[in-house]
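K.L.:
structure, please.
(chains A, B, C and D)
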Protein chains: 2
Amino acid sequence: MTELAAIPDTCSDCPIRHRAVCAKCEGNELEQLEAIKYYKSFEAGQTVIWSGDEMEFVASVVTGIATLSQTMEDGRTQMVGLLLPSDFLGRPGRPVASYDVTATTDLVMCCFRRKPFEQMMFATPHIGQRLLEMTLDELDAAREWMLLLGRKTAREKIASLLSIIMRRDASLMLSAAQGPLKFDLPLTREAMADYLGLTLETVSRQISALRRDGVIVLEGKRRIIVPDFDRLLEETGDDGDGGVPV
Amino acid sequence: MTELAAIPDTCSDCPIRHRAVCAKCEGNELEQLEAIKYYKSFEAGQTVIWSGDEMEFVASVVTGIATLSQTMEDGRTQMVGLLLPSDFLGRPGRPVASYDVTATTDLVMCCFRRKPFEQMMFATPHIGQRLLEMTLDELDAAREWMLLLGRKTAREKIASLLSIIMRRDASLMLSAAQGPLKFDLPLTREAMADYLGLTLETVSRQISALRRDGVIVLEGKRRIIVPDFDRLLEETGDDGDGGVPV
DNA sequence: CCGGGTCATTGATCGAGATCAATCGCCCGG
DNA sequence: CCGGGCGATTGATCTCGATCAATGACCCGG
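P.N.:
Model prediction:
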C-alpha cells in the first residue's frame, strides 16, 4: 500500500481550483459544490470503473493520472482519453460508464454524486459553461489524436506522445528551467502502445531508435531527457506551431 | 451549377428544428435566433472554410454533408469529423477555424454571426445546454472512431463506416421499410480512405471483397444494398449492441 | 544471496496494407 | 463517334509494424 497523496482541506487550497469544472464558481456556488464533494483515492494500477457499470458519481482528477479505454471482444484495446489533474470524468445525464477507467499512477479524485451535481448544473450556469469549454478542448484533442492514429508513422507517434506529455505537465507546474527538459513517463510501454495504436514491441523499438539518434536520452526506463525540444517537434510530423493549446 | 436545395421559410418549417443547437429554444428565444440567422449554400466539392481562416459565423447543417479534415505538410490527410444535417460547425469563443471544411454534397447551412451568437449563448442557457449535449455526443463518436483508427483491420473499418452511415441516415428519415436496406454512399473512395486512415486502393479492394463475400451488393459505384444488416455488423468487429446511439 | 515476478529490450520472421502502375467504365463536350 | 477526364478497379511488389520468441534489468520477499 503506497502512501496516500495529500488531499486539500478546502476548495481554496485545491491545486486544480482554477482549471477544473469548478473554475468559474465563486462564493455561494463554490460553497454549494464544496458541500456535496468527497474525495476518493486509488492506487496505481487499480480500475476506477468498468465500461457498462453504473456511475454514481462524476469527478475531477486532483492528482495523478487515469486513462479511458475501449476493448473489443477479442482483447484489442485502444486508449481514448488521458485524464490529467483538473480533467473531468463522467457525463452528466448518463448513468452508465462508456469506457474502462484505470489509475495509471496513484490517483485522487474529487467526486460529486451524480444526481445532486446534475441539479446544480441546471441551476448554476457557470458549471455548464466551464464543462462546455472543457469538452470542446477534449474534442480538439481527440481530433488531433485521430490524425496521429490514422496517418502518423510509429516514430512520429512516439515523438508526438512525448511532446504531448511534456506540454501538458509543463502547463501544470509552470516549469521554471529552460535548457534540457526532463520528465517521467507516467505510462508503461503497454499503455503507450494502447494510446498510440501500436504494439508494445514497436513502442520499445522506436524509443530505442530515438535514443540512438540523440533525440532523447533515457535515465532508467521511465525518466526522459530532451536535449532539444525543437528537434523532438520535428520528429512529430506536425507543423511548427502545432495544434492543441494545452 | 446545380439547383439549390429547398430552404425553409421559418424555423418552424425547419427539418432540423428539433435536433440542432436550437432544439431547446422556444417562443422568444427562437425568435431572437431567427432574427440573426441567414442561409448559405455550397455546391458539392466546394470548400466551406480553410483551417486557419477567420470564421465570422457558426452554423448548423440543414441539408447535405460536410467533412472536417486535417492535413500534414507533406499532404497526408485525415478526416476528423463528418457533419450531417443538424450538426454544428464552429466553436463559440474561437475566432479561427481549426479544420478544413468541405461540402461533399450540395450543402445548406443555417448561419449565425459569431459575436451575436456568443452573446445570445451567454444570455440563453438553453443554447449552451444543447451545445454541451451535442459536443458530448461528438466526443463519444470521436472516441469510437479512435478505436476504429487504432485497432480495426481494413475490412472492419469499411464495414464500420457503412454501418455508421446507414445508422445515421436511417435516424434522419425514420426509414420505413425493413428487409434489404439500400442507400447511397455520400463519399468518394478517396474521402472514405481519408475517413478510415487507409489508401483509396485498399478501400476499393475491401469493398470488392465484401461484395464477393455477399455482405453487400453494389448498384453502380455508389449505391449499396445490404441484404443482411446483422451480417454487416458482425464484420465491424463491434460487439452486438454496439456504441454510438446515433 | 537467490528465485520469481514484472516490465522492457532485442531478434527473426511474417503479413496487411502501402505504393507504383496499368486498365476500365462512364460521362460529357466536340 | 471519338477523345479526354475523373473516379474506380485490379495487379505486382515492397515495407512497416505485427507476431512469435528469447533475453535482460530491476525489485522485492524469503
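
K.L.:
switch to C-alpha atoms for all contacts and neighbour counts from now on
P.N.:
Noted.

K.L.:
tell me, how many residues neighbour A:E73?
P.N.:
9 (other CA atoms under 10 Å in any protein chain shown).

K.L.:
helix or strand: which one has it?
P.N.:
Of the helices and strands defined by DSSP states H and E, none includes A:E73.

K.L.:
again, but for the one 5 residues further on
P.N.:
A:Q78 belongs to strand A:77-83 when elements are defined using DSSP H and E.

K.L.:
please see if that strand touches DNA strand D.
P.N.:
No. Against DNA strand D, strand A:77-83 shows no contacts by CA under 7 Å from any atom of the strand, the least distance being 11.0 Å.

K.L.:
elements contacting whatever helix or strand comes next after that strand?
P.N.:
Next in sequence after strand A:77-83, counting helices and strands by DSSP H and E, comes strand A:88-89. Packing contacts for strand A:88-89, counted by 3 or more CA pairs under 8 Å, 6 or more residues apart in numbering or on different chains; DSSP states H and E, involve strand A:57-63.

K.L.:
who's in contact with the strand it packs on?
P.N.:
Residues external to strand A:57-63 that are found in contact with it (CA atoms under 8 Å, 6 or more residues apart in numbering or on different chains): A:5, A:14-16, A:20-21, A:83-92, A:106-114, A:117.

K.L.:
low pLDDT regions in chain A?
P.N.:
Within chain A, the segments meeting pLDDT under 70 span A:1-6, A:172-179, A:240-246.

K.L.:
relative to strand B:77-83, how tilted is the lengthiest helix in it?
P.N.:
Counting residues, the longest helix found in chain A (DSSP state H) is helix A:125-151. Put simply, helix A:125-151 runs at 140 degrees to strand B:77-83, going by axes from the mean of the first three to the mean of the last three CA atoms, to 10 degrees.

K.L.:
quick one: the helix or strand following helix A:125-151 near DNA strand C?
P.N.:
Sequence-wise, the next helix or strand downstream of helix A:125-151 (DSSP H and E) is helix A:154-172. No. Using CA under 7 Å from any atom of the strand, helix A:154-172 never reaches DNA strand C; the gap is at least 11.7 Å.

K.L.:
how about the secondary structure of the residue lying farthest from the centre of chain A?
P.N.:
In chain A, A:N28 marks the outermost C-alpha relative to the chain mean, sitting 29.4 Å out by CA atoms, centre = their mean. Following DSSP: H, G, I helix; E, B strand; the rest coil, we place A:N28 in the helix state.

K.L.:
just the one 4 residues further on next, same as before
P.N.:
When states are read from three-state DSSP, the local structure at A:Q32 comes out as helix.

K.L.:
now the spatially most central residue of chain A, nearest residue through space, not along the chain?
P.N.:
When chain A is reduced to its mean C-alpha position, the closest residue under CA atoms, centre = their mean turns out to be A:L83, at 2.6 Å. Nearest residue to A:L83 in three dimensions, chain neighbours excluded: A:A66, at 5.0 Å (CA to CA, 6 or more residues apart in numbering or on different chains).

K.L.:
quick one: residues contacting the closest residue in space to A:A159 that isn't next to it in sequence.
P.N.:
Counting by CA to CA, 6+ apart, A:A159 lies nearest to A:T236, which is 5.0 Å off, once chain neighbours are set aside. Applying CA under 8 Å, 6+ apart to A:T236 gives the contacts A:R155, A:E156, A:K157, A:I158, A:A159, A:S160.

K.L.:
that older thread, buried ones in the strand holding A:Q78?
P.N.:
Across strand A:77-83, burial judged by 16 or more other CA atoms under 10 Å in any protein chain shown covers A:T77, A:Q78, A:M79, A:V80, A:G81, A:L82, A:L83.

K.L.:
hmm, A:R151 is touching B:T77, no?
P.N.:
Yes. Using CA atoms under 8 Å, A:R151 makes contact with B:T77 at a distance of 7.2 Å.

K.L.:
can you tell me which residues in chain A are near DNA strand D?
P.N.:
Going by CA under 7 Å from any atom of the strand, the residues of chain A near DNA strand D are A:K152, A:T153, A:A154, A:R155, A:G197, A:L198, A:T199, A:E201, A:T202, A:G220.

K.L.:
mind checking how far the fifth one is from B:M146?
P.N.:
Same thing as A:G197. In this view, A:G197 and B:M146 are 9 Å apart by CA to CA, to the nearest Å.

K.L.:
same check on the last one?
P.N.:
In this view, A:G220 and B:M146 are 31 Å apart by CA to CA.

K.L.:
more neighbours: which of these two?
P.N.:
Taking other CA under 10 Å, A:G220 and B:M146 do not tie; B:M146 has more neighbours (30 against 7).

K.L.:
pretty sure the more buried one is touching A:L147, no?
P.N.:
No. With contact defined as CA under 8 Å, B:M146 and A:L147 do not form a contacting pair (9.4 Å).

K.L.:
number of nearby residues for A:P8?
P.N.:
Neighbour tally, A:P8, other CA under 10 Å: 13.

K.L.:
setting aside sequence neighbours, what's the nearest residue to it?
P.N.:
A:C14 (5.4 Å).

K.L.:
what about that neighbour, distance to DNA strand D?
P.N.:
Separation of A:C14 from DNA strand D (CA to the nearest atom of the strand, to the nearest Å): 30 Å.

K.L.:
could you give the number of residues near that residue?
P.N.:
A:C14, neighbours per other CA under 10 Å, totals 13.

K.L.:
and it, how close does it get to DNA strand C?
P.N.:
30 Å.

K.L.:
again, but for A:S86
P.N.:
25 Å.

K.L.:
tell me the contacts of the residue nearest to that residue when sequence neighbours are not counted?
P.N.:
Closest residue in space to A:S86, ignoring its immediate chain neighbours: A:A20 at 4.4 Å, by CA to CA, 6+ apart. Residues near A:A20 by CA under 8 Å, 6+ apart: A:S60, A:S86, A:D87, A:F88.

K.L.:
kindly recompute the last result at 7 Å.
P.N.:
By CA atoms under 7 Å, 6 or more residues apart in numbering or on different chains, A:A20 lies in contact with A:S60, A:S86, A:D87.

K.L.:
could you do A:L84 as well?
P.N.:
Counted by CA under 7 Å, 6+ apart, A:L84 has contacts A:V61, A:G64, A:I65, A:A66.

K.L.:
so A:A66 touches A:G81, yeah?
P.N.:
No. The pair formed by A:A66 and A:G81 falls short of the contact definition of CA atoms under 7 Å, at 8.5 Å.
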